[in-house]
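Trainee: Output the structure for:
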Amino acid sequence: MPPLVRPVRPTDTLTRDALAVLQPGFTGTTAPDWLLRRLGEGLTTVGLFGRNVANPGQLAALTGRLRTERPDVLVAVDEEGGDVTRLEVRGGSSFPGNHALGAVDDPALTRAVARELGRRLAECGITLNWAPSADVNSNPDNPVIGVRSFGADPHLVARHTAAYVEGLQSAGVAACTKHFPGHGDTAVDSHLDLPRIAADLATLQERELVPFRAAIAAGTRAVMSAHILLPALDGDRPATLSPAALHGLLRAPVTEGGLGFDGLIVTDGMEMQAVSATYGIAHGSVLALAAGADAICVGGGLADEDIVLRLRDALVAAVRDGELPEERLADAAARVRALARWTRDAGEGAAPAPGIGLTAARRALRRTAGGQPYAPLTGAAYVAAFTPLANIAVGDETPWGVAAELARLLPGTDTGTYTADAAAAAGTPALVEGLLTAAAGRRIVAVVRDVHRHPWMADALAALLAARPGTAVVEMGVPQAPPRGALHLATHGAARVCGQAAAEALTGRL
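Mentor: Purely as a prediction, here's the structure:
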């Protein structure tokens, strides 16, 4: 007897399912015709980025237009607060990021911040947030996580991840906890290359997975996979493409050693080099779905109709060719639609808490006195911003530092930006000499970001402090290096409100 062959569903059904699992972006502040057309054909999610946001009114009009084509559309955004903001990409965030919240270590505060953030997202028509980051920042040299993590203690990260999920989802916005199974112990940015984590399974269970278990217990509606290679799980494929990581660890029942997650699994951006450079975006997307992912995030750097059609056709062809089981594609699409239904009915109308972000930033500020008395600034100062290259997740559009807030309090305050390229071109002595000339006798505030990761920055800061020991230092990254300066302020992040809290402290107002 010939083997039983299961009939493949009609192409139009496959096409709708293939579109349903995609999470594409687009360019511009209004929805293009091609996007509206695909929503009518089965596309269920649209991803928004900073390029799509001008102001809250425009954003609400945009999401409203998307809903005229598909009332249950999932509108997703990467809004972590802190350094990674899309709602306030051009002005800086009204909320401190995870590291600041972890420094305070008050889960009730974290829950309140996430609830207010969720309320503002919902008010703009956004229903899915690719946040929070549940990564344990166990490697202080991590170039892409850093202040996006609540901290280096797995249990601290776990309690704040759970609080964030609860707060966000209480406002009717689905949380997407990331980057499974943990991106904190990496020294490579997966936007640029494939990171490798050498930790054994016992370490993963005791460190990386602790916050994800907490997020699942708190009811996170989605989990985002990471493009990282963990030989302890799979020696060949990164977690996003690994059945062992997604199906065998994240989905498997707790009784079988898994995490028992039954919600939506979303990939990190498939255009990132950790996947696309080896597998290609189309083939990588097929492999991700086959491994257990349900939604393909694409559009951070690729944002046109062509990529949507390429991926749609690749998924349909993979089913036709037997590379991707049709049941797997249908299951993934069903999970996406189920989340869309949840967001349509969720939320309880969170009450506004407009000052909660600044309150949290003030509580996160840590001050260390130097070897000599520090008198608060009373006149125009000079801000020396030692500026590293922004990582891709943060982007270089969002302003950071204390200069704008300090100038508001002390008119006439100026700022100068100093970079690794400038230090290499001029040499540290000449760079600092130019800085002192620009300061013109005014008191100096040096602003650094992850000074422990940047030798050029540490050298320039040391030379400046030798010349002007009364300088105040504001660290707006991970405060890993020993405090220096007449006054050292650690903000635990570079959000606008973190800069405001630092400016208040520098002028004696806090």
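
Trainee: Residue 15: neighbouring residues, count only.
Mentor: Residues lying near residue 15 (other CB atoms under 10 Å) number 17. All C-beta atoms are positioned from the backbone trio N, CA, C, and that covers glycine.

Trainee: where in the stretch 101-250 of the chain is pLDDT low?
Mentor: Applying pLDDT under 70 to the stretch 101-250 of the chain flags the ranges 190, 192.

Trainee: Buried ones in stretch 324-343, by neighbour count?
Mentor: Buried residues in stretch 324-343, counted by 16 or more other CB atoms under 10 Å: 324, 326, 328-330, 332-333, 335-337, 339-340, 342-343.

Trainee: now swap in stretch 100-117 and tell me
Mentor: Applying 16+ other CB under 10 Å to stretch 100-117 flags 100-107, 109-117 as buried.

Trainee: Verify the contact between residue 199 and residue 229 for me.
Mentor: No. Using CB atoms under 8 Å, residue 199 is not in contact with residue 229; the gap is 11.5 Å.

Trainee: now the helices: where do they sit in the stretch 51-200 of the chain?
Mentor: 56-69, 98-104, 107-123, 154-170 (DSSP state H, counting those that start in this stretch).

Trainee: tell me the most buried of those?
Mentor: helix 98-104 (a mean of 27; mean count of other CB atoms under 10 Å).

Trainee: who touches it?
Mentor: Residues lying outside helix 98-104 but in contact with it, judged by CB atoms under 8 Å, 6 or more residues apart in numbering, are 80-82, 109-110, 113, 132-133, 137, 146-151, 156-157, 160, 164, 360-361, 363-364, 366, 478, 490-493, 495, 498.

Trainee: I'd guessed residue 168 sits against residue 177; true?
Mentor: No. If you go by CB under 8 Å, residue 168 and residue 177 don't touch, sitting 10.0 Å apart.

Trainee: tell me, what's touching those two both at once?
Mentor: Counting by CB under 8 Å, 6+ apart, the shared contacts of residue 168 and residue 177 are 131-132.

Trainee: any chance you could map the strands in this structure?
Mentor: Here the chain has its strands, by DSSP state E, at 22-23, 45-48, 74-77, 128-129, 174-180, 222-225, 264-266, 296-297, 366-369, 382-386, 414-418, 444-448, 472-475, 487-490.

Trainee: Need these in TSV (columns: distance to residue 13 and mean neighbour count).
Mentor: Formatted as TSV, the strands of the chain follow (distance: least, CB to CB, whole Å; neighbours: other CB atoms under 10 Å):
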stretch	distance to residue 13	mean neighbour count
strand 22-23	16	24
strand 45-48	18	26
strand 74-77	20	26
strand 128-129	24	29
strand 174-180	26	27
strand 222-225	24	26
strand 264-266	20	27
strand 296-297	18	27
strand 366-369	57	14
strand 382-386	55	25
strand 414-418	55	18
strand 444-448	56	26
strand 472-475	55	26
strand 487-490	55	24
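
Trainee: Can you add distance to residue 68 and give these back as a markdown table?
Mentor: Shown next, in a markdown table, are the strands of the chain (distance: least, CB to CB, whole Å):
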| stretch | distance to residue 68 |
| --- | --- |
| strand 22-23 | 20 |
| strand 45-48 | 13 |
| strand 74-77 | 13 |
| strand 128-129 | 19 |
| strand 174-180 | 21 |
| strand 222-225 | 25 |
| strand 264-266 | 24 |
| strand 296-297 | 24 |
| strand 366-369 | 48 |
| strand 382-386 | 44 |
| strand 414-418 | 44 |
| strand 444-448 | 45 |
| strand 472-475 | 47 |
| strand 487-490 | 47 |
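
Trainee: Tell me where the chain is predicted with low confidence.
Mentor: Residues of the chain that meet the cut-off, pLDDT under 70, sit at 1-11, 190, 192, 347-349, 392.

Trainee: now the lengthiest helix in it, how far from the chain's geometric center?
Mentor: Longest helix in the chain by number of residues, with DSSP state H as the criterion: helix 326-345. Its chain's C-alpha centre and that of helix 326-345 lie 24 Å apart, by CA atoms, centre = their mean, to the nearest Å.

Trainee: Looking at residue 199 and residue 229, which has the bigger crowd around it?
Mentor: Shown here are residue 199 and residue 229; by other CB under 10 Å, residue 229 has more neighbours (23 against 19).

Trainee: What number of residues are in the vicinity of the nearest residue in space to the more buried one that is not next to it in sequence?
Mentor: With sequence-adjacent residues excluded and distances taken as CB to CB, 6 or more residues apart in numbering, residue 229 is closest to residue 196, at 4.7 Å. By the criterion of other CB under 10 Å, residue 196 has 14 neighbours.

Trainee: Helices of the stretch 251-400 of the chain, start to end?
Mentor: Under DSSP H, counting those that start in this stretch, the stretch 251-400 of the chain gives helices at 273-279, 281-291, 305-320, 326-345, 356-364.

Trainee: Out of the ones you listed, which gets nearest to residue 76?
Mentor: helix 326-345 (10.1 Å; CB to CB).

Trainee: Pull the residues that contact the closest one.
Mentor: Counting by CB under 8 Å, 6+ apart, 6, 8-9, 14, 16-18, 20-21, 44-45, 71-74, 127-128, 172-174, 221-222, 263-265, 289-290, 293-295, 315, 319 sit against helix 326-345.

Trainee: Compute the inter-axis angle for it and helix 154-170.
Mentor: Per axes from the mean of the first three to the mean of the last three CA atoms, to 10 degrees, the angle that helix 326-345 makes with helix 154-170 is 70 degrees.

Trainee: quick one: helix 326-345 to helix 281-291, angle?
Mentor: Per the same axes, to 10 degrees, the angle that helix 326-345 makes with helix 281-291 is 90 degrees.

Trainee: residue ranges for the helices of the stretch 401-510 of the chain, please.
Mentor: In the stretch 401-510 of the chain, the segments counted as helices under DSSP H, counting those that start in this stretch are 403-409, 420-426, 428-439, 455-467, 496-506.

Trainee: Mind giving me the packing neighbours of the second one?
Mentor: Helices and strands in packing contact with helix 420-426 are listed as helix 428-439, helix 455-467; criterion 3 or more CB pairs under 8 Å, 6 or more residues apart in numbering; DSSP states H and E.
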